[in-house]
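Asker: coordinates for the following, if possible.
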Amino acid sequence: MPVERWSTAHVDALAPDANSMKGARSVSDARHWQEAGLLDEVLWGLCAGSGKNPYQVCVDLAGPAYRCSCPSRKFPCKHALGLLLYWAGGGPVEAAAPAFVGEWQAARAAKAAPARAAGPPDPAAARKRAQQRADRVAAGMAELRRWLDDQVQQGLAGAEQAGRRPYEAMAARLVDAQAPAAASAVRRLGGIAGIGPHWADRLLGELALLRLLVAGHERLDALPTTLAATVRSRIGFPVANQDVLAGPPIRDVWQVLGQVDSEEGAITTRRTWLLGVGSGRFALLLSFAAPGQSPAAEVVPGTAVDAALCFYPGAAPLRALVKEQFGTPRPVTAPDAAAGLRAALATWSSTVAAEPWRYDAPVLLADVVPGADGFITDAAGESLPLAPGHREPWWLLAAAGGRPATVAGEWSPSGLRPLAAWVEGRYLPAPPPVPDAAGRVPELPADLLAAALVGTARRPWTSPSVPAGDRVLKLAPAGHGSGAGSPEPAAALLEAAAAALTYRRAGVTPSSGHAPVEAAPPETDRPLPGPAGDRLLRLLTDGGAPGGAQQAQELLAQWLTAAAEHGGFVPPESLPALLDAGRRNSVLRPAIGRVAGLRGTWLAEMRPDWRWLRDEAPGAAAPADPEVWETGTGGERLAFLIRLRGTEPAAALALLESTWRTETPEDRTRFVGALDTGLSPADDAFLDQALDDRRKGVREAALDLLRRLPESSLGRRMAARATAAVRLGRDARGRDRLDVTPPPELSTELRRDGVGAQPAHGTGVQAWLLEEVIAGTPLTTWTETFGRSPAAVVDLARGHDWETPLLHGWAKAAIVQAGSAWASALVGNDTRGGASGLREAVRWDLHLLLPPADLARIAAEFLRTEDHLAHRLLAVHPGAWPDELAVAVVETIAHRVQADKHSWQLAELCRAAAMAMPPGYAEQVARLAERLDQLPTAESRVRPVAELARTLAFRHEMLRELLP
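Answerer: Modelled structure (predicted):
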């Protein structure tokens, strides 16, 4: 039977950390694998590394288990994960396996063979050791009983000031008594006392459950076998793995619902939940890791595996070990045995009734939809709360669009903690919880808690019953079974608290009256190509793109630009991270608005800091629908106006004029900018009136368009002022010269026409006014008035008393009016000896107007002469570099690796090239990196070149996925 390929989500679940996954993606394409194939259930490959010999990589898909010849201490290493990604992406599996694959298979088979039985144990010695431990545990539990009663007798009110010390001391005594699990439970109390809302309620509940554990230990011989096993486990009696595996196995197709890691002191614990298709039984696999390591992944979340499991003994057995696995895991597109909320809670109630110390248990819920109030609701209209940290499930809302989904999670008294969901056949792991200030609901009766806070020495608890929800529970006589000498009021209070807490937790039922969100509208566009969508998810994940955070943002911007040009909408599960990216960086918003789709707009309406999308997303309105202008969102109205400007500019202008007085200042600014489409002299009167708007943004938008509009009224006014201030005259020798008379003051008319009141640093007021007037004047004014070319006009200013404001005025006008001929003349003049230098910001803006070939030629010359300005020219070069510049950069990199004294200069050049060099140079740069790696060159010099090659390859694949 052929092995079914995994998805990238399944591979992600195996990564020990984000850095491993980032490294895996860097070796996940065919360029890095000399050979790769599949032998039975073993995926193997030869990965090119920094040394002469490739790394030998094997992955047993049935384990999963891993083997790699690299020196990494992480399992799986980046090469094993990269091989899995390569295979998941459709990498080849047809190749003859080399010898090392068969050798590893044979070694694993030999290791799995049953070991030769050791000599017979000494029964008498084993009984003696067991009795010694039992005696120590009994003494420890008796001391714990006295300590628990003392806490309640003295009152919990003092616990807030006592801190962790009392709990640490008691936990240490339990460790000495060989009761490690009970010691951990006591130690955790130190993190409850005095911390957070309703801490006393939580503390009393945990003390009561510990008192119940003590009572169970005191009657251990009288308890049913399964319950006794649970009590022993909660105290810390070990159960050997071989004893568990010797028990009866349960073979089933086990669906791996999800996993969650938690920090418990210095140990990381991974809980992985499974559900049997045939048995309907849940199973828990536990794995542990020391600091700095990741727990082992025995199974892959989102898959199903045919396996035999053996369960640890207990009243509600959940923890299990995998005894044997049959075949390889296969992806689960729709899990079986999902249930409604009421049925799921019935299973939970049975679990808590059998094992009252259990705080959480797994559930698989069918057809649930989140609501806006932190609840999820099933098809029957019944609801359950989500746990703190999960109350705003944006990931699920985005992926399912408000439609029913299957959700796996852990139910606890604090609510449902989602583990994963299945939406349209896709497995989606839940993200980690986010900080949540939501309060905790008390679980114990108020009068019981009041007595515990004051202390039973002052306020004895003698009631024979305790209220629990809608019932009153009858209790056994105070101190019943608690042993001689225990203070009866304290024991009675703890027993009452345990009974009330267990009843409340086991008796929980779904609530009603919580409406799910309305479903998102169906998309009217097509989705983006699948590989492009996967690429976006990588870009939005920490470590999912080469380079640092800044480079990831630039790659995201390039991806969004290409995706907007391609057309289509992004994968729904990417929307929360994408909307957050737009919230942080407004430059990305227009492109996000074009690819977010109708679901993006639907999702953004639910969260205030995402509602910027309403003003960017064009929506799905038809261009001819007049209702859009009256009832649409800001984004839909803007899109409608732009589309109408493209076909009927005059009608669009008339429509805008008809509602201008009622528009908000923000919409006025955006709508004025929309007139750039189809801009013509017919817009002059309206834009000129907009110069009187009270909103600065509206005035600036109108000025920008008027300065670019030929024959605008603004241009004519500024030209009249400029030609009055600058005339062509003759000097004493009869040569042409400029006669300059700057404006005397900043008049109201000048201020209205966009002349600023604040001069540049070191510039006089008259020089500033002259510069601003010239900046607002159409450039054709000078060539027509003086009858000269731009270069000849610029020559007239050389050596003039007013040279600086003249040159800067023309430079600003060239920048606004995109005058490339003027830019070339001004840049050429700036490089001549004796020229009055342009301010740096103005000069670099002029470079953007130069023809790309000219700018590339200048930058290449600077690189070859090692001019320090070369890096700045590379940074401002617009768009993709031409071949001449790219070749010059590659040559410079090859030279600097061996010649530069400072590696940071090489790294800076590689960073600049990563985003602007044509990605087609990826292979050439990769060959250069491989060649340099063989030379005796410092690694710090080769690393930037290798990183450049990876980034170029990433961009090359990214843009190829978005080709039309």
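Asker: could you dump whichever strand or helix holds Ala914 to CSV, C-alpha only?
Answerer: Ala914 is located in helix 903-916, with elements delineated by DSSP states H and E. Only the C-alpha atoms of helix 903-916 are listed here, as CSV (Å, rounded to 0.1, in the frame of the first residue of the first chain):
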residue,chain,number,x,y,z
SER,A,903,33.0,41.7,7.4
TRP,A,904,30.1,44.1,8.2
GLN,A,905,30.6,45.8,4.8
LEU,A,906,30.1,42.5,3.0
ALA,A,907,27.1,41.7,5.1
GLU,A,908,25.6,45.2,4.3
LEU,A,909,26.1,44.7,0.6
CYS,A,910,24.5,41.2,0.7
ARG,A,911,21.5,42.6,2.7
ALA,A,912,21.0,45.3,0.0
ALA,A,913,21.2,42.7,-2.8
ALA,A,914,18.9,40.3,-1.1
MET,A,915,15.8,42.4,-1.8
ALA,A,916,16.7,44.1,-5.1
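Asker: so what touches it?
Answerer: 546-547, 551, 554-555, 558, 871, 874-875, 877, 879-881, 886, 889, 892-893, 896-897, 900, 938, 940-941, 944-945, 947-948, 951-952, 955 (CB atoms under 8 Å, 6 or more residues apart in numbering). For every residue, glycine as well, the C-beta is placed using N, CA and C.
Asker: now do 7 Å
Answerer: The contact list for helix 903-916, computed with CB atoms under 7 Å, 6 or more residues apart in numbering, reads 547, 551, 554, 871, 874-875, 877, 880-881, 889, 892-893, 896-897, 900, 940-941, 944-945, 947-948, 951-952.
Asker: whatever helix or strand comes next after it: how far from the chain's middle?
Answerer: Using DSSP H and E, the helix or strand that follows helix 903-916 towards the C-terminus is helix 922-933. Offset of helix 922-933 from its chain centre (CA atoms, centre = their mean, to the nearest Å): 32 Å.
Asker: just stretch 127-142 next, same as before
Answerer: Worked out by CA atoms, centre = their mean, stretch 127-142 lies 50 Å from the chain centre.
Asker: which of the residues in it are buried?
Answerer: Judged by neighbour count (16 or more other CB atoms under 10 Å), stretch 127-142 contains these buried residues: Val137, Gly140, Met141, Ala142.
Asker: any chance of those in JSON lines, plus secondary structure, distance to Ser820 and pLDDT?
Answerer: As requested, these are exported to JSON lines (DSSP: H, G, I helix; E, B strand; the rest coil; distance: CB to CB, whole Å; pLDDT from 0 to 100):
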{"residue": "Val137", "secondary structure": "helix", "distance to Ser820": "87", "pLDDT": "93"}
{"residue": "Gly140", "secondary structure": "helix", "distance to Ser820": "86", "pLDDT": "94"}
{"residue": "Met141", "secondary structure": "helix", "distance to Ser820": "87", "pLDDT": "95"}
{"residue": "Ala142", "secondary structure": "helix", "distance to Ser820": "92", "pLDDT": "95"}
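Asker: need the residues you listed in JSON lines (columns: distance to Glu784).
Answerer: JSON lines is the format used below for the buried residues of stretch 127-142 (distance: CB to CB, whole Å):
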{"residue": "Val137", "distance to Glu784": "102"}
{"residue": "Gly140", "distance to Glu784": "101"}
{"residue": "Met141", "distance to Glu784": "102"}
{"residue": "Ala142", "distance to Glu784": "106"}
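Asker: let me know the closest of the residues you listed to Ala169.
Answerer: Nearest to Ala169 out of these is Gly140 (CB to CB; 13.0 Å).
Asker: Val332: which of the buried residues of stretch 127-142 is nearest?
Answerer: Val137 (42.7 Å).
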